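**Q** Pasting the sequence and the predicted model now:
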Amino acid sequence: MRYISHRPDQTPLMMRIRDLAAARTRYGYFRIYILLRREGWVVNHKLRIPTIPAAYSDLIPATIPM
């Protein structure tokens, strides 16, 4: 018998992260986290660049380039 994951589907959350990152290109991961919380999403505080899929991480800068 193998373990069956009970993890909820993250697709709507990831789509919203992608939309926010595309609309606000200069926002980093923490600012996007704040926006998601304000919209009512239940987001873990550990939301970081490594947890965002590679397809979306290029949209979210880790720091603002000067």
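**A** Received it, and whenever you're ready, just let me know what you need. What you are looking at is a predicted structure, and each value in this text was computed from that prediction instead of being measured. Numbers count the residues shown, from 1 in each chain.
**Q** Does Y27 lie in a helix or a strand, and which?
**A** Per DSSP states H and E: Y27 is located in neither a helix nor a strand.
**Q** helix or strand right after the longest helix seen in the chain?
**A** Counting residues, the longest helix in the chain under DSSP state H turns out to be helix 11-23. Moving toward the C-terminus from helix 11-23, the next helix or strand (DSSP H and E) is helix 29-39.
**Q** how about that following helix: buried residues?
**A** With burial defined by 16 or more other CB atoms under 10 Å, the residues of helix 29-39 counted as buried are Y29, I32, Y33, L35, L36. To be clear about C-beta, it is placed using only N, CA and C from the backbone, and glycine gets the same treatment.
**Q** Is it possible to get the residues you listed out as a markdown table so that each row also shows pLDDT and distance to Q10?
**A** Supplementary listing: the buried residues of helix 29-39 in a markdown table, determined by pLDDT from 0 to 100; distance: CB to CB, whole Å:
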| residue | pLDDT | distance to Q10 |
| --- | --- | --- |
| Y29 | 81 | 15 |
| I32 | 87 | 15 |
| Y33 | 86 | 14 |
| L35 | 91 | 17 |
| L36 | 91 | 12 |
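**Q** Out of the residues you listed, which is nearest to R7?
**A** Of all these, the one sitting nearest R7 is L36; the distance, using CB to CB, is 18.0 Å.
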